[in-house]
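> sequence first, predicted model second:
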Amino acid sequence: MPTLVTGPFSQVLVDIVVGMNRTRHSGLLRRLVLLISAVLIIGALCAYPLIAMAQPSAEPQPSGSSQPVYPSASPSSETDDKGTIAIPSVTSQEGKMYLAVTDAAIDDVDSQKIMDAVREAVDGQNAKILLGVDKKPNNLKGASQLVRGMLLFGNSDAMSDDWLENGKTKGYVGQGWIAIGVMLPETKDGDVEVFVDPGRNVRETEPGSKDRILDAGAPSFEAGDYTAGISAVAISTTENLRAPLDKKIAVSIVVGVLLLIAAVIVFFALRGRRRAQLQAAARKRIKQVEVWESSMHQDLNALRRTPMNDATEPALNRSAATIKEIQRQREQAITQRSTELESALDASAEPQISEQQAHEIEQRAERLSLLRRAVELARSLSGTASNSVKSWNQIIEQHHGGLKLLVQLLDTDGATALPVTPQVRTAIVTHTDALDQLQARAKTKLTEQEAAHLLEELWALREELDSLIDQALAQSQGASMKVDAKLAEQLRAFLPRAGANANDPISVLRTFAPSDGQH
């Protein structure tokens, strides 16, 4: 709805005073009415300077360009201030385009077509455009006063914040805005007045841009197509006037660009770091393969130098069968491992070694090293080596170590309530006695069969010990006993699932036990 600015206040005040004289109210009420009348008169006196500021000035109006764009036709010379002045409010707004059309001009223009025509052009530049359209006859002195009226009394933010102090010297239109006023003629044969008032920071794209704006809608206006003419003026304004990018948007763009640059730098830095890590890992794998390669050389040479008795007789027990299996794998390794060693050499010669290749070579090296240890134990425990006593003592000492760990477990709070505790206490006594007897036998000169029987007895004791340890750990965990972490780790190392330990002969031998004899 348009904002109404009414005419002289004198007739209104006379009507109020005369009406009040005809009443029968007391003198107090008359004084109150006179006070109200005085306030209204003072308000009117304050309002008239504001309206006077909206009058066109004889001096050029300052703006972002050197001078505002002047009307394409001389403003109306109508000077009758009596009656109502209609200031159009914004009726359509989309993006940066604000269109205000009075009721008098609403039937002569198609607001939606204007918005559709200028949408792309307006969105492609930085300034906001306030476009007002009115039609004669009215009490406005042309399109320039229409613009001033919209700035002062309209419902947009196009007015500069400091218009009261600096409007006359710096212009009334705020930064980033362009105000356009179009005054349509009363008849089709009349002239259309156009006034463009750029904001303080709005500049012409090049000299002569003002004339192009004024001429843009002339053909359509002459043909009576006001909608097309107004659209052409708005589009020409976006092409010939430019506002700098809003500071907030500019800062956002700069920050976004900086963040993008930082992200790119971080990406390439991380990528370079990753590449360096991969190259370092590849160099490390090559060095590891060289170490495993050297170890495989040494193990193969040791297997060739270590003789073993021919296992031609049938195995009488698991121990004998295991020693026979170790001998078979030794002979197979001597004949076949050379091929695997050549494969490892070929891999180490390659510039790049994958993790899978390195893992496979590592497994071969570990298996060959374990076989070398098993061959040494088999030869020693078969009674054919001078250091057999040392190997027997190593088995017995390892077993004593397991019994001591069980004693520590029984000293833990809550261990007496475990179901396996009585069996553990019995085993500690019986195993200690049995180990003393077996150690005495190991010190004598044993035949191959006697050595196999002795190894079988020690192996059986070890299986019983492993079973007790396994039960104790499981029951202590179920009873929520606070077992020392180091003690629990040492106990778990005795179990078959912990794998082979070179210092634990039984754990090495059971790795090579035939499948029908594994436990």
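It's in. Residues are numbered from 1 along each chain as shown.

> quick one: residue 481 and residue 414 touch, right?
Yes: the pair residue 481 / residue 414 is scored as a contact, 4.7 Å apart, by C-beta atoms under 8 Å. C-beta: built from backbone N, CA, C; applies to glycine.

> neighbour count: those two, which is higher?
residue 481 (18 against 12; other C-beta atoms under 10 Å).

> the more buried one should be in a strand, yeah?
No: the assignment for residue 481, made by DSSP: H, G, I helix; E, B strand; the rest coil, is coil rather than a strand.

> looks to me like residue 419 is in a strand.
No: under three-state DSSP, residue 419 falls outside any strand and is assigned coil.

> contacts only, for it.
Listed by C-beta atoms under 8 Å, 6 or more residues apart in numbering, the contact partners of residue 419 are residue 475.

> how close does it get to residue 428?
Counting by C-beta to C-beta, to the nearest Å, the gap from residue 419 to residue 428 is 16 Å.

> for residue 140, same thing?
On the measure of C-beta to C-beta, residue 140 and residue 428 end up 115 Å apart.

> among those two, which residue is more densely surrounded?
The neighbour comparison of residue 140 against residue 428 (other C-beta under 10 Å) goes to residue 140, with 25 against 16.

> which helix or strand contains residue 182?
strand 177-184 (DSSP states H and E).

> quick one: list the elements packing against that strand.
strand 128-135, helix 143-153, strand 193-198, helix 226-240 (3 or more C-beta pairs under 8 Å, 6 or more residues apart in numbering; DSSP states H and E).

> and the strands in the chain, which stretches?
For the chain, the strands defined by DSSP state E cover 3-5, 85-87, 90-94, 97-101, 128-135, 177-184, 193-198, 203-204, 241-242.

> let me know which of the ones you listed is the nearest to residue 293.
Among these, the nearest to residue 293 by C-beta to C-beta is strand 241-242 (73.6 Å).

> who does the strand holding residue 182 pair up with?
Here strand 177-184 is paired, per DSSP bridges, with strand 128-135 (parallel), strand 193-198 (antiparallel).

> residue 467: neighbour count?
15.

> burial count for residue 479?
Neighbours of residue 479 (other C-beta under 10 Å): 13.

> now it: closest residue in space that isn't a chain neighbour?
residue 414 (6.1 Å; C-beta to C-beta, 6 or more residues apart in numbering).

> quick one: contacts for the one you found?
Residues near residue 414 by C-beta under 8 Å, 6+ apart: 476, 479, 481-482.

> which strand residues bridge the closest residue in space to residue 105 that isn't next to it in sequence?
Distances taken as C-beta to C-beta, 6+ apart place residue 135 nearest to residue 105, at 4.0 Å, with adjacent residues excluded. For residue 135, the beta-bridge partners are residue 184 (DSSP bridges).

> quick check: the gap between residue 135 and residue 106.
9 Å.

> then residue 253?
Distance from residue 253 to residue 106, by C-beta to C-beta: 39 Å.

> one step back: could the strands of the chain go into TSV alongside mean neighbour count and mean pLDDT?
Converted to TSV, these look like this (neighbours: other C-beta atoms under 10 Å; pLDDT from 0 to 100):
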stretch	mean neighbour count	mean pLDDT
strand 3-5	15	45
strand 85-87	22	78
strand 90-94	15	85
strand 97-101	24	89
strand 128-135	26	89
strand 177-184	28	90
strand 193-198	28	89
strand 203-204	18	81
strand 241-242	22	84
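
> for residue 262, which of these is the nearest?
Closest approach to residue 262 among these (C-beta to C-beta): strand 241-242, 30.8 Å.

> what does the closest one rub up against?
64-65, 125-127, 178, 196, 198, 202-205, 209, 213.

> one more time with 6 Å, if that's ok
178, 198, 202-203, 205 (C-beta atoms under 6 Å, 6 or more residues apart in numbering).

> any chance of JSON lines for the residues you listed, columns distance to residue 380?
Converted to JSON lines, these look like this (distance: C-beta to C-beta, whole Å):
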{"residue": "178", "distance to residue 380": "102"}
{"residue": "198", "distance to residue 380": "104"}
{"residue": "202", "distance to residue 380": "101"}
{"residue": "203", "distance to residue 380": "100"}
{"residue": "205", "distance to residue 380": "100"}
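
> and these, which is closest to residue 300?
Scanning the contacts of strand 241-242 for proximity to residue 300, where the rule is C-beta to C-beta, the winner is residue 205, at 86.4 Å.

> the closest one touches residue 238, doesn't it?
No: taking contacts as C-beta atoms under 6 Å, residue 205 lies outside contact range of residue 238: 10.0 Å.

> more neighbours: the two, which one.
Of the pair residue 205 and residue 238, residue 238 is the one with more neighbours under other C-beta under 10 Å, namely 23 against 11.

> which ones are touching the more buried one?
Going by C-beta under 6 Å, 6+ apart, the list of residues near residue 238 reads 121-122, 125.

> most neighbours out of those, which is it?
Top of those by neighbour count (other C-beta under 10 Å): residue 122, with 23 neighbours.

> pretty sure that one sits against residue 99.
No: at 10.5 Å, residue 122 does not count as touching residue 99 under the criterion of C-beta under 6 Å.

> now distance to residue 398 too, for the strands of the chain, in TSV please.
Putting these into TSV (distance: least, C-beta to C-beta, whole Å) gives the following:
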stretch	distance to residue 398
strand 3-5	103
strand 85-87	105
strand 90-94	88
strand 97-101	91
strand 128-135	89
strand 177-184	93
strand 193-198	97
strand 203-204	94
strand 241-242	91
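
> what are the buried residues along stretch 438-446?
Within stretch 438-446, the residues scored as buried using 16 or more other C-beta atoms under 10 Å are 438-439, 442, 446.

> in helices, which of the residues you listed fall?
Cross-referencing the buried residues of stretch 438-446 against helices under DSSP state H gives 438-439, 442.

> backbone phi and psi for residue 176, please?
phi 80, psi 10 (degrees, to the nearest 10).

> for it, which residues are in contact?
Residue 176 touches 127, 199, 243, counting by C-beta under 6 Å, 6+ apart.

> distance of it from residue 125?
Residue 176 is 10 Å from residue 125, by C-beta to C-beta.

> what sits in contact with each of these two?
By C-beta under 6 Å, 6+ apart, no residue touches both residue 176 and residue 125.

> distance of residue 431 relative to residue 452?
Taking C-beta to C-beta, one finds residue 431 at 21 Å from residue 452.

> with neighbour numbers in mind, choose between those two.
residue 452 (23 against 20).

> the nearest residue to the more buried one once chain neighbours are set aside - how many residues pack around it?
Computed as C-beta to C-beta, 6+ apart, the closest residue to residue 452 that is not its neighbour in sequence is residue 320, at 4.3 Å. Neighbour count of residue 320, defined by other C-beta under 10 Å: 21.

> ok, residue 320 touching residue 451?
No: taking contacts as C-beta under 6 Å, residue 320 lies outside contact range of residue 451: 9.2 Å.

> mind listing what's buried along stretch 231-248?
Counting neighbours by 16+ other C-beta under 10 Å, stretch 231-248 gives 231-238, 240-243 as buried.

> quick check: end-to-end length of it?
One end of stretch 231-248 sits 29 Å from the other (C-alpha to C-alpha, to the nearest Å).

> same question, stretch 486-499
Span of stretch 486-499 from end to end, C-alpha to C-alpha: 18 Å.

> just stretch 122-140 next, same as before
Length of stretch 122-140, first residue to last, C-alpha to C-alpha: 28 Å.

> roughly how far out does it sit from the chain middle?
The chain centre lies 45 Å from the centre of stretch 122-140; the measure is C-alpha atoms, centre = their mean, to the nearest Å.

> can you tell me what sits against that stretch?
83, 85, 88, 95-102, 104-105, 109, 146, 150, 156, 158, 176-186, 202, 234, 238, 243, 245.
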